[in-house]
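Asker: With the sequence up front, the predicted model follows.
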Amino acid sequence: MNFEFDDDQHLIRDQARSFLGEHCSSSVVREVLEGDALYAEQLWNKVCEMGWTATVIPEEYGGLGLSYLELVVIAEEMGRACAPLPFGSSVYLATEAIMAAGSESQKKKWLPLLAEGKAIGTLAYAEGPGETDAASLSTTVSKDTLTGKKCAVANGNIASLICVLAASDSGEGASLYLVDTSDSGVTAETIRTLDPSLNYADVHFADASCELLGEIGQGRDLLNALLDRAAVLYAWEQLGGAETCLEMAKNYAVQRYAFGRPIGSFQAIKHKLAEMYVKNTLARSNAYFGAWALNSDAEELPLAAATARVGSCQAYYYASKENIQTHGGMGYTWEFDCQFFYRRSKALAVLIGSERQWQEKLISASDPVAV
Amino acid sequence: MDFEDSKAEAAFRLEARTWLENNIPDDNDLSGLSNLQRAKFWQAKKAAARWACIRWPEAYGGRDATAIEHVIWQQEEAKLDLPNTSSFFGIGQGMAGPTLMAWANEEDKARFLPDLASGETVWCQLFSEPAGGSDLAALRTKAVKDGDDWIVNGQKIWTSGAHYSDWGILVLRTDPTVAKHKGLTYFYVDMKSEGIDIKPIKQISGASDFNEVYFTNVRIPDSQRLGDVGQGWHVALTTLMNERASIGAGSGGADFKSLKRLAQQVNIDGKPAIEDSAVRAKLASWYVEEAGLKYTSYRTLSALSKGELPGPENSIGKLVGARKTQDMSSFAIDLLEQQGVQWDAELDAEYNGLFQLSYMGIPGLRIAGGTDEIMANIIAERVLELPQEPRMDKGIPFSEVPTGS
Ligand SMILES: Cc1cc2nc3c(=O)[nH]c(=O)nc-3n(C[C@H](O)[C@H](O)[C@H](O)COP(=O)(O)OP(=O)(O)OC[C@H]3O[C@@H](n4cnc5c(N)ncnc54)[C@H](O)[C@@H]3O)c2cc1C
């Protein structure tokens, strides 16, 4: 047993942190948040040059062939910087979907492009408000063409490929399909969101040509397995965001004076920050176990993933809201950066299923369980 | 990062499991024994095969095991239904032992540690006083030097297990004219010494696990001093750091497993409560805390295995563990609805014992060994390095500190 990252992984973390510190300062986040750009394109090109998008893709498909332990380290730094990039949808969702379920030719076609960042990918399953029911999808496939509408698809308007959950017309139930968005049947409509530092679109498919991804009728299981993997990766990204919130709150609490003393000397503030630290620490420990389970394809993965996901959702929400509170009026201003993390924490919390859904999965996966 | 056993660890696990399975006490061994006698029986048996305090050096009754081996041992022990030893030996082995290890001379270590490991002697912690709980350094029990002895007068309180302990560790005021942290000295004392008077205190749970301990002209030989005169606070920190590490996650009482089992047995709306989504959401959040504490303790192993003192980060274990157990036992009683009120040791433990006992016992754990509030202060000040609050007791002699009385 060994419960630590190794030296090389620590080195990757240090490099990622200093790289993002230099190239993804808060002004870069703010530019996307306030402007028309859908993502920080220059930064994206640099990130791809560094090979981060290629981390776990096998070398034969143009990747670096590293492990998930390297990827989670990068994910945490992405979250810490609140990076305005299509990294998650492309790397944790689309790349994972193709690696897990893609045919040889699908892998050959897409993985090198995803590795290089020439293609951005995403996953589309939600069709409207509330939980998606794989048994009653209104997006359908007939004769290798896909028709329907998917809602709030992360990076739906810049993605070259979309993995879509749809019902097959032959009655086998839900399956996953790959759609190349260069097809004229695909139109994406950018939507306004809670977190404009990321971008989302409603995507319309009108007889868009599609390829089956994985086995017919296995869509629901494939999706769940995929989301388990993505949950660990997002948990690390969420944790990174929560850590920034704690750092910001701490720095402010020692500088800001009220009643003749630093606000950090008041217990109400101290205990709030101690609680952030507690939540972040527990979330980190669960994320460790999740990373191990993901990396070693352990049978504990569904439980480990749900545990990491719930822990990180809770930690990020708490840290981002109490960071605003700690900053007082300043925290509520557009000018201050506290808002980035409050927005992002909610965006990531609903991206692959809400905390409630993952609590549900956790209990289902906990049988039998040894704590 | 690897949560699986290495080859050597798997071999160690097998050795531990085999020994445990072959030596688990049966009803014949235990019948007619009190809980303390059961604990002593089992601890002695472990010690004879060197499975007691396994991280300690062999010379002191341990087996020089690594921190990871210790975890493996604990995991294997937890799988079996064994006599509870930690409530009797936890203070001695978890706090007095490490303090002696750090501060006693070689001769005394050889004299006391093996008996501590084997459960032959039981130790208690005489720190808190009526005037010094959270603010431990405000304690007033006085020690005055008299030849080779110290003469001790005053009162300790909340001393768990004083009534069955052989020895006690204690901090005393040896100089009230200097600042409060500077006038303290650390000792250990034979609990059978003349002038020690032990009076049980009844707790809200109905049990009497802790006591008042009065000292009237008790003589403690100077050879039973740990550290220099006036260095008592520093020595006490060794004990307190180890206390935080040892009262942690595994506090007993309601936990995920027992609460989930209950939720499978009682109904909500005509269906097992475990199918209710509100119940599942709560259970899941508690699981996250429980697992988080477990993996956090694994992560701090690397520091401990390098021989470092358990740091202030360990305050998390008790802080989270205690409040979680309290909320879980309260929720379990809610799930039992009207019958949840029934608490009777002679009835079914699952419905009428476990959670009610946990509910009444756990308020004590949120106070013992540093209250929740003090734990949060420690995290804020020592880990996050936030500024201390202004204090009224700084830079003045202890005798001039305001007391409110
Ligand atoms: C079950 C049990 C077993 C125990 N066993 C032992 C034992 O074996 N040996 C031993 O020496 N002691 C023992 N204790 C004593 C324990 O360590 C003290 O009770 C504890 O430290 C609190 O001190 P106090 O009771 O004087 O409460 P106080 O210190 O008077 O605290 C009262 C309240 O004020 C709050 N408070 C105090 N100071 C602050 C502050 N700076 N900031 C915020 N809030 C504050 C506390 O959090 C608490 O809520 C035991 C206690 C219990 C309940």
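Answerer: Happy to help now that I have it. Numbers count the residues shown, from 1 in each chain, chains lettered A, B, ... in the order given.

Asker: From here on, just use CA atoms for contacts and neighbour counts.
Answerer: OK.

Asker: What values do phi and psi take at the closest residue to chain B within the stretch 51-200 of chain A?
Answerer: Nearest to chain B, among the residues of the stretch 51-200 of chain A, is A:L69, at 8.0 Å (CA to the nearest CA). Per-residue torsions, A:L69: phi -70, psi -30 (degrees, to the nearest 10).

Asker: which residues sit in contact with it?
Answerer: A:5, A:9, A:291-292, A:295, B:1 (CA atoms under 8 Å, 6 or more residues apart in numbering or on different chains).

Asker: what about burial for the residues you listed, which qualify?
Answerer: A:9, A:291-292, A:295 (16 or more other CA atoms under 10 Å in any protein chain shown).

Asker: Within the helices and strands, which one has residue 109?
Answerer: No chain was given, so I picked chain A. helix A:104-116 (DSSP states H and E).

Asker: Not quite, go with chain B.
Answerer: helix B:106-118.

Asker: Where does pLDDT dip in chain A?
Answerer: A:368-371 (pLDDT under 70).

Asker: check contacts around the residue of it found nearest chain B.
Answerer: Minimum separation of chain A from chain B (CA to the nearest CA) falls at A:L282, amounting to 4.4 Å. By CA under 8 Å, 6+ apart, the contact set of A:L282 is A:311, B:288-289, B:292-293, B:295-296.

Asker: hmm, try it at 6 Å
Answerer: B:G292 (CA atoms under 6 Å, 6 or more residues apart in numbering or on different chains).

Asker: Roughly how far does it sit from B:A368?
Answerer: 22 Å (CA to CA, to the nearest Å).

Asker: How about B:I54?
Answerer: According to CA to CA, B:I54 stands 26 Å off from B:A368.

Asker: quick one, which of the two is more surrounded?
Answerer: Neighbours per residue (other CA atoms under 10 Å in any protein chain shown) separate B:I54 from B:A368, with B:I54 holding more: 22 against 17.

Asker: in the stretch 1-150 of chain A, which spans are helices?
Answerer: A:7-23, A:26-34, A:41-49, A:68-81, A:87, A:96-101, A:104-116 (DSSP state H, counting those that start in this stretch).

Asker: Generate TSV for those helices, with distance to A:L227 as supplementary columns.
Answerer: TSV is the format used below for the helices of the stretch 1-150 of chain A (distance: least, CA to CA, whole Å):
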stretch	distance to A:L227
helix A:7-23	24
helix A:26-34	27
helix A:41-49	23
helix A:68-81	15
helix A:87	16
helix A:96-101	9
helix A:104-116	19
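
Asker: follow-up on the earlier one: tell me the gap between the helix holding B:K109 and the middle of its chain.
Answerer: Centroid separation for helix B:106-118 versus its chain: 20 Å, with CA atoms, centre = their mean, to the nearest Å.

Asker: tell me the mean pLDDT over the next helix or strand after it?
Answerer: As assigned by DSSP H and E, the chain's next helix or strand after helix B:106-118 is strand B:123-126. Mean pLDDT, strand B:123-126: 98.

Asker: what's in contact with strand B:123-126?
Answerer: B:92, B:159, B:162, B:165-170.

Asker: Arrange these in TSV, one row each, with neighbour count, distance to A:L233 and pLDDT as further columns.
Answerer: Formatted as TSV, the contacts of strand B:123-126 follow (neighbours: other CA atoms under 10 Å in any protein chain shown; distance: CA to CA, whole Å; pLDDT from 0 to 100):
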residue	neighbour count	distance to A:L233	pLDDT
B:G92	26	43	96
B:T159	23	48	97
B:A162	26	51	97
B:S165	19	51	98
B:D166	17	53	98
B:W167	22	52	98
B:G168	22	50	98
B:I169	26	48	98
B:L170	22	50	98
